[in-house]
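Asker: Sharing a sequence plus its predicted fold:
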Amino acid sequence: MHASPMHYFPVTAPFVMLLFFVFGVILALVQLGIIEYAYAKIGIQPRWIFLFLILSLLGSYVNIPIAEVPAQHLSEKDTVSDYGIQYVVPNMREASRTVIAVNVGGALIPAALSIYLMLKNGLLLQSLIAVAVVTIVVHQLAHPVPGVGIALTPIVPPLLAAGVALLLSRKAAPALAYIAGSLGTLIGADLLNLGIVDQLQAPMLSIGGAGTFDGVFLTGILAVLLA
């Protein structure tokens, strides 16, 4: 499914199609004006909704390597299942190493949007609290998956972020939910587990990629609607 071992969709074809189906549903809701209103509440103009979602989804295919860690043993599997979701294990076993990379669609785009929303809405203090809460909970629930990296139940980040956001600020809950869900997941699941990279048997640990992308992507949809 991928020409380069560095670039691949984090989940197998059926789940990629499912995410595109979800995207199609969201596009339909935009046309009906339902989700358009929801995203307008977090400070995104309607014309950018489609572009943001498609870039997040397509950007999950792109990983930017930033470091390498020696690995004694790498998983021989091509796919790994966790919580019923099948994740792709990249074919990079020629060297005994784990490449640490940043996923464009699951990390860079959500992080950039989160920072923008934080500054635009003046939510620095509330964001720090919300992100801290989500980070702590996600870190406790996230677990290593040999061959893939760190994973957690995809529905946890958006539900948790929406609840925390509503408690901190009902007026700014939509934006706060997105910030907390995105940054809290990336920090709690991926960044705080970089210390165990050499134990994951994974050819690549993609920050915001396999194991966490689905949670971050769903946060962009569900957290706003729930808030």
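Answerer: Happy to help now that I have it.

Asker: List the buried residues in stretch 126-146.
Answerer: 126-127, 129-135, 137-139, 142, 144-146 (16 or more other Cβ atoms under 10 Å). (C-beta placed from N, C-alpha, C; glycine too.)

Asker: what does that stretch rub up against?
Answerer: Residues outside stretch 126-146 that contact it (Cβ atoms under 8 Å, 6 or more residues apart in numbering) are 75, 80, 82, 87, 114, 118, 150-153, 156-157, 160-161, 164-165, 168-169, 172, 176-177, 179-181, 183-185, 187-189, 192-193, 196, 199-202, 211-212.

Asker: Which among those residues count as buried?
Answerer: Buried by 16+ other Cβ under 10 Å: 75, 80, 82, 87, 114, 118, 150-153, 156-157, 160-161, 164-165, 168-169, 172, 176-177, 179-181, 183-185, 187-189, 192-193, 200-202, 211-212, out of those.

Asker: any idea how far the longest helix seen in the chain is from the chain center?
Answerer: In the chain, taking DSSP state H as the definition, the longest helix is helix 13-32. With Cα atoms, centre = their mean, to the nearest Å as the basis, the distance from the averaged C-alpha position of helix 13-32 to the chain average is 16 Å.

Asker: pLDDT weak spots in the chain?
Answerer: 1-6, 11, 30-43, 45-47, 49, 71-84, 88-89, 91-95, 211, 223-227 (pLDDT under 70).

Asker: hang on, S60 packs against G106?
Answerer: Yes: assessed by Cβ atoms under 8 Å, S60 is found in contact with G106 at 5.4 Å.

Asker: More neighbours: which of the two?
Answerer: Per other Cβ atoms under 10 Å, whichever of S60 and G106 has more neighbours is G106, with 32 against 29.

Asker: Could you pull out the strands in this protein for me?
Answerer: With DSSP state E as the criterion, the chain has strands at 63-70, 79-82, 85-88, 97-103, 143-145, 149-151, 204-207.

Asker: which parts of the longest one are buried?
Answerer: Buried residues in strand 63-70, counting neighbours by 16+ other Cβ under 10 Å, are found at N63.

Asker: what separates it from the chain centre, distance-wise?
Answerer: Relative to its chain's centre, strand 63-70 lies at 18 Å (Cα atoms, centre = their mean).

Asker: Ok, the last one next?
Answerer: Strand 204-207 sits 12 Å away from the centroid of its parent chain (Cα atoms, centre = their mean).

Asker: in its sheet, what does it sit against?
Answerer: Partner strands and pairing direction for strand 204-207 (DSSP bridges) are strand 97-103 (parallel).

Asker: Could I have the CA atoms of the partner strand written out in CSV?
Answerer: Provided in CSV are the C-alpha atoms of strand 97-103 (Å, rounded to 0.1, in the frame of the first residue of the first chain):
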residue,chain,number,x,y,z
ARG,A,97,17.0,0.3,14.7
THR,A,98,13.8,2.1,15.5
VAL,A,99,13.2,5.3,13.6
ILE,A,100,11.5,8.0,15.6
ALA,A,101,9.3,10.1,13.2
VAL,A,102,6.7,12.8,13.4
ASN,A,103,3.4,12.2,11.5
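
Asker: and that strand, how far from the chain's centre?
Answerer: 15 Å.

Asker: who's in contact with that strand?
Answerer: Residues from elsewhere that reach strand 97-103 (Cβ under 8 Å, 6+ apart): 6, 10, 59-60, 62-71, 74, 92, 108, 194, 197-198, 200, 202-209, 213.

Asker: Report the set of residues contacting both of S60 and G106.
Answerer: Here S60 and G106 share the contacting residues P10, G209, F213, F217, scored by Cβ under 8 Å, 6+ apart.
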